[in-house]
Every structure is written in C-alpha cells, then in structure tokens.
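# my questions are about this predicted structure, shown below with the sequence.
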Amino acid sequence: MKKGDDKIISHLRSNARISLTKLSRETGIPVSTIFERIKMHEKEIIVKHTALLDFFKMGYSTRANITIKIDKKRRDDAAKYLRTHQNVNNVYKITNGYDFLIEGVFKNLLDLENFNEDLEDRFKVKNKQVYFVIQDIKREGFMAEPNLI
C-alpha cells in the first residue's frame, strides 16, 4: 500500500458512505488520488462494501457462535452447506479440535435448535459447542478509527 492508503481505508472502515470531498478534507489527500486509490483497492484489498445491521431490531433476537467438529469426509459438503445457509452470517475454518466456527443469526431459540439438529443429522457432528451472543461490545473495529492510524 502507498502512503496515505491506510488513512483512506480507515475512514472507509468507519463510514463506507463518506463522500470523497469530505474524505479529502479529513485526510489532506486530493479527491482524484482518493478515487484512484479506492478503485485500485476494490480489485485487491476491499472485498465488498456492506452495511452493519442491528439484527435484534430486525426481529432476530438469537445469535450464537457455534463450533463443530465433523467427519473429515464431510467437511467440503459442510462448508458448501454453511456458505449458502440463510442463517449463517460468517463461517470460518478453525483449529484446536474443531473444524468450523459458525456465526448464526436466528429469529428465536427454536430456529437455532432446528439449525443445530439439521447440522447434526446431515453431517454427523462429532463435537459441538454453542456460545450465545448477549451483546456486541465491538464489531468491525479493526482499522476503523482514523484517529488511531
């Protein structure tokens, strides 16, 4: 990354809808340079522009992080299933005795329970841990504080 790119990225992490003019004022980088750098990074570093949602206000009152260990032969099928499941917000391949860490968002406990039972039936889950998310303390905060860069 070129000098100043970290400032641009930090401002975008904080507010992806910031105008280029305002971003230029706050960083001291010309608008044309910012535009060029963002376009370049959209091909390399910026994976997608998105919105952070308040799931609770949308009627999804149950969130859980779930770790699972499954049979080695079923991992690819499980990964495909998890990538496409509507209640899976994020899924990671992990270590330390588990295969996947799943962040799930559900309307209620029954939906979570149905999801867990479906996972167990489809993929013969060997081990599972469920951690309920009570409150967000920090979300998407890495490089999102321009004053700290």
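In hand now; what should we look at?
# centroid residue for this protein?
residue 90 (5.4 Å; Cα atoms, centre = their mean).
# excluding chain neighbours, what is closest to residue 65?
By the measure of Cβ to Cβ, 6 or more residues apart in numbering, the closest residue to residue 65 outside its immediate chain neighbours is residue 131, 4.5 Å from it. (Each C-beta comes from the backbone N, C-alpha and C, glycine too.)
# and what of residue 120?
Among residues not flanking residue 120 along the chain, residue 128 sits closest, at 7.4 Å (Cβ to Cβ, 6+ apart).
# repeat for residue 81
residue 122 (6.8 Å).
# hang on, the one you found packs against residue 80?
No - between residue 122 and residue 80 no contact is recorded; they are 11.1 Å apart, counting by Cβ atoms under 8 Å.
# more neighbours: which of these two?
The neighbour count for residue 122 versus residue 80, taken as other Cβ atoms under 10 Å, is higher for residue 122 (13 against 10).
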